[in-house]
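**Student:** Here is my input, please return the structure:
(one chain, ligands or ions: 1)
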Amino acid sequence: MSATPSNPLWLAPMADVTLWPVRKMFFGLGVGLAHTEMVSARAIIEKSHVAYDMLYRHPKEGALVLQLFSGDIDVLLNGAKEALKVNRFNALGINMACPSRKVMASGGGAALIYRPNIASRMVKELKTLGLPVWVKTRIPSHDPSDAFNWCELLLASGADNVAIHARTPSQGYNGKSDRKIVKEIAESFPGMISATGDVFSVSDVLEYIEMGCVGVMIARGALKDPFIVTEALKALGYSVGMDDSLGFRINVFRSFFEDLGDIRDNIAMPLLRRFLSCIFKNVPRASYIRSSLANAGSIVRARELYDAFVDELKLTFQF
Ligand SMILES: Cc1cc2nc3c(=O)[nH]c(=O)nc-3n(C[C@H](O)[C@H](O)[C@H](O)COP(=O)(O)O)c2cc1C
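**Tutor:** Numbering: from 1, shown residues only. From the prediction side, this is the model:
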């Protein structure tokens with residue numbers, strides 16, 4: 001199974017967000033590839049139901065990278081083996097980017113930047129499973145030569161793609177992602193580097209592509225407005241056959257509601273709340289509608305309210 005994306009605009013991994021209903025919505029909008037949220041390799045080995053749920057892949061999804069995290073080589077490898085018994089994925093991703101204290105304390109996530117030998121062996125071991133191996137990482141420092149050496153090591157170890165979020169682990173989300181470093185690395189390793197970091201507009205996507213990145217991942221920008229995807233694809237010259245009308249937006253979210261109905265309310269309701277700010281944009285009483293949906297208590301009830309609001313809007317806007 002190859003990891004060939006259908007275009008260079010990809011959905012980034014986001015914990016508690018990139019579950020299958022969200023990924024399916026974004027594949028519907030046109031992304032060329034998506035990531036699962038990061039899954040603990042140890043939790044897979046321990047047969048956690050939560051981790052197993054994260055391995056579900058809907059038949060209508062496109063190219064999908066399973067992103068795993070661990071600070072231990074054997075745990076990572078065995079977790080990946082178990083995951084591949086549950087489902088097929090187009091590539092295995094290693095999280096070397098997560099700066100959270102808990103993940104870094106286990107030696108995983110961004111802590112791997114400071115454990116280069118372990119990181120390199122992780123890539124080599126995962127490669128033995130026969131799938132492309134993708135690494136998502138932050139940068140060691142704002143010195144371009146540090147970033148170059150780090151990416152060179154990952155690629156020499158066999159990584160098929162390195163996605164760079166050009167902030168250091170200690171930076172959190174402060175400052176800006178360092179695009180000069182991304183450009184230098186993308187030029188140094190043509191065809192191997194993708195970008196993530198501060199992708200909020202069509203011009204952000206175009207800028208990373210012009211730098212020579214093979215792909216651009218959308219993360220927080222996708223939460224603010226999923227429809228950036230269709231706009232960016234149009235700007236990149238892909239024919240998307242979709243518009244930005246209210247009717248189109250409403251239908252996209254109607255399908256999303258259907259899919260959310262297939263997962264538990266305690267997972268689905270927070271997920272719905274994540275996307276509420278972009279539902280009913282520029283529509284009268286939008287904030288009242290959003291707060292009704294946020295407090296609906298269950299997806300079934302939220303869907304009923306949504307349908308009732310849409311009926312009202314149809315009378316007003318005649319779509
Ligand atoms: C809610 C949320 C969850 C995230 N979870 C993950 C994750 O599971 N794995 C990962 O590699 N990055 C994760 N990230 C980081 C994003 O993939 C992305 O690299 C980062 O947000 C920078 O891109 P942006 O500035 O365009 O949002 C997460 C980000 C957000 C906002």
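**Student:** Tell me the residues of the stretch 1-150 of the chain that contact the ligand?
**Tutor:** 12-15, 17, 37-38, 67, 95, 97-98, 136 (CB under 6 Å from any ligand atom). The C-beta positions use only the backbone N, C-alpha and C, and glycine is treated the same way.
**Student:** again, 5 Å this time
**Tutor:** Residues of the stretch 1-150 of the chain lying close to the ligand by CB under 5 Å from any ligand atom are 12-15, 37-38, 95, 97, 136.
**Student:** which of these lies closest to Leu246?
**Tutor:** Met14 (26.3 Å; CB to CB).
**Student:** follow-up on the earlier one: between the residues of the stretch 1-150 of the chain next to the ligand, which is nearest Phe275?
**Tutor:** Among those, Met14 lies closest to Phe275 (CB to CB), at 11.9 Å.
**Student:** Give me the pLDDT value at that closest one.
**Tutor:** According to the prediction, Met14 has pLDDT 98.
**Student:** Export the longest helix that the chain contains to PDB, keeping only CA atoms.
**Tutor:** Criterion DSSP state H: the longest helix present in the chain is helix 299-317. The C-alpha trace of helix 299-317 is given here as PDB (Å, rounded to 0.1, in the frame of the first residue of the first chain):
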ATOM      1  CA  ILE A 299     -25.900  14.200  18.900                       C
ATOM      2  CA  VAL A 300     -29.400  13.000  18.100                       C
ATOM      3  CA  ARG A 301     -30.800  16.100  19.800                       C
ATOM      4  CA  ALA A 302     -28.200  18.400  18.200                       C
ATOM      5  CA  ARG A 303     -29.100  17.000  14.800                       C
ATOM      6  CA  GLU A 304     -32.800  17.600  15.400                       C
ATOM      7  CA  LEU A 305     -32.000  21.300  16.300                       C
ATOM      8  CA  TYR A 306     -29.700  21.600  13.300                       C
ATOM      9  CA  ASP A 307     -32.400  20.400  10.900                       C
ATOM     10  CA  ALA A 308     -35.000  22.700  12.400                       C
ATOM     11  CA  PHE A 309     -32.600  25.700  12.000                       C
ATOM     12  CA  VAL A 310     -31.800  24.700   8.500                       C
ATOM     13  CA  ASP A 311     -35.600  24.500   7.600                       C
ATOM     14  CA  GLU A 312     -35.900  28.100   9.000                       C
ATOM     15  CA  LEU A 313     -32.900  29.300   7.000                       C
ATOM     16  CA  LYS A 314     -34.300  27.700   3.800                       C
ATOM     17  CA  LEU A 315     -37.400  29.800   4.100                       C
ATOM     18  CA  THR A 316     -35.300  32.900   4.500                       C
ATOM     19  CA  PHE A 317     -32.500  32.300   2.000                       C
END
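**Student:** tell me the mean pLDDT for it?
**Tutor:** Looking at helix 299-317 alone, the average pLDDT works out to 89.
**Student:** What residues of that helix count as buried?
**Tutor:** 299, 302-303, 306, 309-310, 313 (16 or more other CB atoms under 10 Å).
**Student:** what residues does it touch?
**Tutor:** Helix 299-317 is contacted from outside by 246, 250, 253-254, 257-258, 260-261, 265, 268-269, 272, 280, 283-284, 289, 292-293, 296, 319, using CB atoms under 8 Å, 6 or more residues apart in numbering.
**Student:** Can you select the buried ones among these for me in ChimeraX?
**Tutor:** Typed into ChimeraX, the line below selects the buried ones among the contacts of helix 299-317, using 16+ other CB under 10 Å:
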select :246,250,253,257,260,265,268,269,272,280,283,289,292,293,296
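**Student:** Which ones among the contacts of helix 299-317 map onto helices?
**Tutor:** Counting by DSSP H, those place 246, 250, 253-254, 257-258, 260, 265, 268-269, 272, 289, 292-293 in helices.
**Student:** Please name the residues that touch Gly28.
**Tutor:** So Gly28 contacts 60, 252, 255 (CB under 8 Å, 6+ apart).
**Student:** tell me the secondary structure for Lys47?
**Tutor:** Following DSSP: H, G, I helix; E, B strand; the rest coil, the label given to Lys47 is coil.
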